[in-house]
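Novice: Kindly return the folded structure for what I paste below:
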Amino acid sequence: MLRIADLEFSSPLVLAPLAGYSDLPFRLLCQRCGAGFVVTEMVSCHGLVYRQANTLRLLDSDADEGPLAIQLFGADPVAMGEAAVLAAERRPAMIDINMGCPVRKVTRRGAGAALMTTPQLAAEIISAVVARAALPVTVKMRSGRDQGSITAPEFAAMAESCGAAAVIVHARTWGQGFSGQIDPEVIAAVKRRVTIPVIGNGDVLCPEDARKMMADTGCDGVMIGRGALGNPWIFAGQAKPQSLTEIATMAADHLALIERFLPAERLVGHVKGQLARYFKGFSGSAQFRAELMATANLDQLRQLVANAIDSEQTSS
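Specialist: Residues are numbered from 1 along each chain as shown. Presented below is the predicted three-dimensional model:
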């Protein structure tokens, strides 16, 4: 059981914030499969303060959505504090601060992983968000700037001293981006250094990876990102099904949620990117995905998924 502050979650497996993927439909699907809590895509503090339409859309939720964390990013303590107030009005379970994103458009402004090189500014941001959020605040971080500067244990201790209720450690450096392998010892070192919960992140592609990370590092929970794309079953502690019918049925459920919650102008392109991941690794999957990408509208998408269900049932 994972506990953060006075919150108790049904599972230690949680969905990472994934730009372009962890929208409301995907979060709902992952929670149906057992995710303990889910996190929004990154939300710009300035976009939120200025109430930009595209930013506000990232905060969309639903009564059926379970524990939700809103992830904020920025490098201005005042703006981050103001954004925390506005985010808290949406009644999430927690607010997460992104101090781990390595993408240049984020780091060049001093936000994301760049904050690990400016710990005083990072401390001011955490303190500002904690002071104004009136909710548990978590901090997502990296191992450090590069292999010569592994600062996560010290950074986590600073976050705890500023009032963070938990830390999430993606055990790659800023310099690694999303390449190479994680170093689980960094997660273990953070766990030894702080008393608040530690959630490990990185290279978790199946339930066994999650169990191994918890056993090897002592972390309290595991955040799953890319391993959940096209594979929400991972939150149920199950391997991805080998039945095309089960795969296509889940894809159809995902499609229905996308149609229900996303604006029409985003639907077709977004659906293709999401659904193609379900059908990797099957006999004929390359042809299926080519047909998926060639579809021109939602009716064709629905029919293609329905045909995938029918084809296996007919052949069995």
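
Novice: Give me the domain ranges for this protein.
Specialist: Here the domain assignment for the chain is 2-236, 244-315, based on automatic domain parsing.

Novice: same question for the longest one, mean pLDDT?
Specialist: What that stands for is domain 2-236. Here domain 2-236 scores 97 as its mean pLDDT.

Novice: go on, stretch 271-284?
Specialist: pLDDT averaged over stretch 271-284 gives 82.

Novice: Which residues does that stretch contact?
Specialist: Here stretch 271-284 makes contact (C-beta atoms under 8 Å, 6 or more residues apart in numbering) with 20-21, 26, 229-231, 244, 247-248, 250-251, 254-255, 258, 285, 288-289, 292-293, 295, 298, 301, 305, 308. C-beta: built from backbone N, CA, C; applies to glycine.

Novice: Mind doing that once more with 6 Å?
Specialist: L229, G230, I247, A251, I258, S285, F288, R289, L292, M293, L301 (C-beta atoms under 6 Å, 6 or more residues apart in numbering).

Novice: Helices along this structure, start to end?
Specialist: 24-32, 45-49, 53-57, 77-88, 104-107, 119-133, 152-161, 184-193, 207-217, 244-261, 267-275, 285-294, 298-315 (DSSP state H).

Novice: most neighbours per residue, which of the ones you listed?
Specialist: helix 24-32 (a mean of 23; mean count of other C-beta atoms under 10 Å).

Novice: so how far is that one off the chain centroid?
Specialist: 11 Å (C-alpha atoms, centre = their mean, to the nearest Å).

Novice: other SSEs contacting that helix?
Specialist: Helix 24-32 is packed against strand 38-39, helix 244-261, with contacts defined by 3 or more C-beta pairs under 6 Å, 6 or more residues apart in numbering; DSSP states H and E.

Novice: now the angle between helix 244-261 and that helix, please.
Specialist: Compare the direction of helix 24-32 with that of helix 244-261 by axes from the mean of the first three to the mean of the last three C-alpha atoms, to 10 degrees and you get 130 degrees.

Novice: which residues sit against helix 24-32?
Specialist: Contacts of helix 24-32 (C-beta under 6 Å, 6+ apart): L15, V38, D60, E65, G66, P232, F235, H254, L257, I258, F261.

Novice: Closest one of those to A133?
Specialist: Closest approach to A133 among the contacts of helix 24-32 (C-beta to C-beta): V38, at 18.1 Å.
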